[in-house]
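S.K.: mind looking at a prediction? Sequence and model below.
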Amino acid sequence: MSRRRAEILAGLPAATYDVLIVGGGITGAGVVRDAASRGLRCLLIDKGDFASGTSSKSGKLIHGGLRYLKYRQWRLVWEACRERWLLQTKIAPHLVRPIRFVIPCYRTSRTPRWMLSLGLLAYELLSLGRNAGHFRVLSKRKLAELEPALERRDCRGGVAYFDCACLDFRLVIETLKSAEEHAADLVNYVELCAPPAADAEGIFVSPVRDVLSGVIYRVHSRSIVNAAGPWADVVQSRLGVAKTFGLKLAIGVHLVVARERLPVQGTVTLEIPADGRMIYAVPWERRVLIGTTDTFYSGDLDSLPVGADAVEYLLAGVNPYFPDSRLTTGDILATFVGARPLLESEDGVSEDAVSRDDRLLNPAPGIWAITGGKLTTYRAMAKRVVDGLIRERFADHSLRPCATLEPLPGARETLPTDASPRLKELWGRYGSRAHSIEQRMIDSPDLAGAIDPRAPFVWAEVEHCVEHESVERLDDLLDRRLGAFLLAPDCDLGPKITSWLAAHNRAELISHVRTDALRTTDTVKELMR
């Protein structure tokens, strides 16, 4: 157990917080950063690791939601475009990078090029011109220049436009580090285990359990915010309130393949002929992320399946567009799956058409809950929660204004013009904190070596994450600090890091290993039999 985590747990009997936040994904991280920066004393808990749910298993896109225009979700698209611009230019420019999207059009395409062009015109208007570049209508020849591996037969050209991409789990960690700077207490692997009681002074007393040790603690707080994402209705029940969201859950499966097997130059948006849905092929260094499926789900949220039908759906969607690739299950380096909390809608509405808007509840005095929404709009969602909470519970407090437009810790400096190639690479994951990682490499040359020649990680990163980023288990480090499941899925880093941890007296991390979040090629092959 990390020293800071032990200190927080030991101090719970004597502490009274203004806000207890349940959920350590991007929404909870946004709420705790907002509330703590205004001066409220906050505790955030999550029954797993930070970002271990949907917030590490998204499509890694920060986007306005072009496809939502056909469902007339104008406000959502406008807000998402605004938040995307704020993240890209002010809040997290080191993590959020603009990328070019290409949509090819063919004779059999359900959406013709002229209709896509009208949609992109509306998209630019809703973004108030704050895209990284204007959309373009592409001829067949220009499309072939941008994406030479695409199928050319029956091609009618296409369109190109700009949105953004981001390592979602790094955005969560950065947001939590900002909250920590404002004195927030953050504890992973702690779950709410029973409804809170109210003492004589109206303080909530919430029983929570340390998942790693089994010890029960009691958290005293003046208010509670449920930001548990797909688990929001479960947490509502545990809070003892009758009002729930009535969520419809959808799961999204993603595949990771080598870029040489799918040689896309930028992000390519592909229409699935069978149902008209869109999937993406997103390049990430030497890998390509293919996703996502969107299937209603009612099973165990703690054990999401990667089914053979989902794998077949994505491969069948990609292969007609890239005939030379002929991807098979043997090309899949890893898969991952996340659940999306979709708001209740009319029966018969498809997964693709269900609103991605968010909903805010205040079912009892001092208890607030929010879910739904998108990765892109997490900051705006958090502001709505904290604004409402302050009006109801802390109107007589002298608090600071919302400060979440300020840069995250890693975005307070810009990358030096004379930065080394290694610093540039680290900057894309840690921002200005890459300076301290580089200094570790200078001070200790043994930390400057690569963990694996095929992986973009050095040992100094491992030391930094273990010391400063609340790593409690090996998979926290591999999946949600380094991102090995995406950036190095074909590298067996576990044994090497295990040896390093043992040699550096961090053996307690080795015993807590989960591998179900990262499915290997052999697992996918088994699914396809």
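M.R.: In hand now; what should we look at? Keep in mind it's a predicted model, so treat the numbers as computed, not measured.

S.K.: show me the contacts for residue 215.
M.R.: Listed by CB atoms under 8 Å, 6 or more residues apart in numbering, the contact set of residue 215 reads 9, 209. (Each C-beta comes from the backbone N, C-alpha and C, glycine too.)

S.K.: mind checking pLDDT for it?
M.R.: Note for residue 215: predicted pLDDT of 97.

S.K.: can you count the residues close to the residue lying closest to residue 138 once chain neighbours are set aside?
M.R.: Closest residue to residue 138 apart from its sequence neighbours, by CB to CB, 6 or more residues apart in numbering: residue 158 at 4.6 Å. Counted with other CB atoms under 10 Å, residues neighbouring residue 158 total 26.

S.K.: who's residue 158 bridged to?
M.R.: residue 104, residue 138 (DSSP bridges).

S.K.: separation between it and residue 475?
M.R.: As for residue 158, its distance to residue 475 is 40 Å (criterion: CB to CB, to the nearest Å).

S.K.: before we move on, what about residue 436?
M.R.: Taken as CB to CB, the span from residue 436 to residue 475 is 24 Å.

S.K.: and residue 136, how many neighbours?
M.R.: Per other CB under 10 Å, the neighbour tally for residue 136 reads 17.

S.K.: for it, give me its contacts.
M.R.: By CB under 8 Å, 6+ apart, the residues touching residue 136 are 142, 159, 160, 161.

S.K.: can you count the residues close to the second one?
M.R.: The one in question is residue 159. 22.

S.K.: thought it was touching residue 137?
M.R.: Yes. Look at residue 159 against residue 137 with CB atoms under 8 Å: they come within range, at 5.8 Å.

S.K.: common neighbours of those two, please.
M.R.: Common contacts of residue 159 and residue 137, defined by CB under 8 Å, 6+ apart, comprise 113, 117.

S.K.: quick one on the thing from earlier: selecting buried members of the contacts of residue 136 in ChimeraX, what would you type?
M.R.: A single ChimeraX command selects the buried members of these (16 or more other CB atoms under 10 Å):
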select :159,160,161
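
S.K.: now stretch 263-280: how far from the chain's centre is it?
M.R.: With CA atoms, centre = their mean, to the nearest Å as the basis, stretch 263-280 stands 21 Å off its chain's centre.

S.K.: should've said stretch 418-426
M.R.: Here the centre of stretch 418-426 is set off from its chain's centre by 25 Å, with CA atoms, centre = their mean.

S.K.: residues in contact with it?
M.R.: Stretch 418-426 is contacted by residues 415, 416, 427, 434, 435, 437, 438, 441, 456, 458, 461 when judged by CB under 8 Å, 6+ apart.

S.K.: okay, stretch 41-59 in CSV with CA atoms only?
M.R.: The C-alpha trace of stretch 41-59 is given here as CSV (Å, rounded to 0.1, in the frame of the first residue of the first chain):
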residue,chain,number,x,y,z
ARG,A,41,-12.6,19.5,1.3
CYS,A,42,-13.0,16.4,-0.8
LEU,A,43,-12.5,12.6,-0.7
LEU,A,44,-12.8,10.5,-3.9
ILE,A,45,-13.1,6.7,-3.7
ASP,A,46,-13.3,4.0,-6.4
LYS,A,47,-13.9,0.3,-5.9
GLY,A,48,-11.2,-0.4,-8.5
ASP,A,49,-8.3,1.6,-9.8
PHE,A,50,-8.7,5.2,-11.1
ALA,A,51,-9.9,5.0,-14.7
SER,A,52,-10.3,1.2,-14.5
GLY,A,53,-13.8,1.3,-16.0
THR,A,54,-15.0,3.1,-19.1
SER,A,55,-12.4,5.9,-18.8
SER,A,56,-9.5,3.6,-19.9
LYS,A,57,-11.5,1.7,-22.5
SER,A,58,-13.0,4.4,-24.7
GLY,A,59,-12.0,5.0,-28.4
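
S.K.: list the buried ones in that stretch?
M.R.: For stretch 41-59, the neighbour count (16+ other CB under 10 Å) marks 41-59 as buried.

S.K.: inside strands: which ones of the residues you listed?
M.R.: Members of these lying in strands (criterion: DSSP state E): 42, 43, 44, 45, 46.

S.K.: give me the number of residues near the nearest residue to the last one once chain neighbours are set aside?
M.R.: What sits nearest to residue 46 in space, not counting adjacent residues and going by CB to CB, 6+ apart, is residue 24, at 3.1 Å. Other residues within reach of residue 24 by the criterion other CB under 10 Å amount to 31.

S.K.: is it fair to say residue 24 lies in a strand?
M.R.: No. Judged by DSSP: H, G, I helix; E, B strand; the rest coil, residue 24 forms no part of a strand; its state is coil.

S.K.: identify the residues contacting it.
M.R.: Applying CB under 8 Å, 6+ apart, we find residue 24 in contact with 44, 45, 46, 48, 49, 50, 51, 52, 172, 176, 186, 188.

S.K.: got it, and residue 450?
M.R.: Shown in contact with residue 450 (CB under 8 Å, 6+ apart): 456, 457, 458.

S.K.: now with 6 Å?
M.R.: Residue 450 is in contact with residue 458, counting by CB atoms under 6 Å, 6 or more residues apart in numbering.

S.K.: what comes up buried for stretch 103-122?
M.R.: Within stretch 103-122, the residues that count as buried by 16+ other CB under 10 Å are 103, 104, 105, 106, 109, 113, 116, 119, 120.

S.K.: tell me which of residue 436 and residue 475 has more neighbours.
M.R.: Neighbours per residue (other CB under 10 Å) separate residue 436 from residue 475, with residue 475 holding more: 24 against 13.

S.K.: Three-state assignment for that one, please.
M.R.: Following three-state DSSP, we place residue 475 in the helix state.

S.K.: pLDDT score for it?
M.R.: With respect to pLDDT, residue 475 has a value of 92.

S.K.: can you start the count at 52 instead of 1 from here on
M.R.: All right, first residue 52 from here; so that's residue 526.

S.K.: how far out from the middle of the chain is stretch 516-523?
M.R.: Taking CA atoms, centre = their mean, the mean C-alpha location of stretch 516-523 is offset from the chain mean by 18 Å.

S.K.: stretch 366-373 too?
M.R.: 26 Å.

S.K.: model confidence score at the closest residue to residue 394 other than its chain neighbours, please.
M.R.: Excluding its sequence neighbours, the residue lying closest to residue 394 (CB to CB, 6+ apart) is residue 423, at 4.9 Å. Looking at residue 423, its pLDDT stands at 93.

S.K.: export the contacts of stretch 469-477 to CSV and tack on secondary structure?
M.R.: Formatted as CSV, those follow (three-state DSSP):
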residue, secondary structure
466, coil
467, coil
478, helix
485, helix
486, helix
488, helix
489, helix
492, helix
507, coil
509, strand
512, helix
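
S.K.: can you give me the mean pLDDT across the top helix by length along the chain?
M.R.: Criterion DSSP state H: the longest helix present in the chain is helix 429-444. For helix 429-444, mean pLDDT rounds to 97.

S.K.: CA atoms only: put that helix into PDB for me.
M.R.: Output of helix 429-444 as PDB, limited to C-alpha atoms (Å, rounded to 0.1, in the frame of the first residue of the first chain):
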ATOM      1  CA  TYR A 429     -16.600  15.700 -18.500                       C
ATOM      2  CA  ARG A 430     -15.600  19.200 -17.300                       C
ATOM      3  CA  ALA A 431     -18.900  20.800 -18.200                       C
ATOM      4  CA  MET A 432     -20.700  17.900 -16.500                       C
ATOM      5  CA  ALA A 433     -18.600  18.400 -13.300                       C
ATOM      6  CA  LYS A 434     -19.300  22.100 -13.200                       C
ATOM      7  CA  ARG A 435     -23.100  21.500 -13.300                       C
ATOM      8  CA  VAL A 436     -22.800  19.100 -10.400                       C
ATOM      9  CA  VAL A 437     -20.600  21.300  -8.200                       C
ATOM     10  CA  ASP A 438     -22.700  24.500  -9.100                       C
ATOM     11  CA  GLY A 439     -25.900  22.700  -7.900                       C
ATOM     12  CA  LEU A 440     -24.200  21.200  -4.800                       C
ATOM     13  CA  ILE A 441     -22.900  24.600  -3.700                       C
ATOM     14  CA  ARG A 442     -26.300  26.300  -4.200                       C
ATOM     15  CA  GLU A 443     -28.000  23.600  -2.100                       C
ATOM     16  CA  ARG A 444     -25.400  22.800   0.600                       C
END
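
S.K.: alright, calling it a day.
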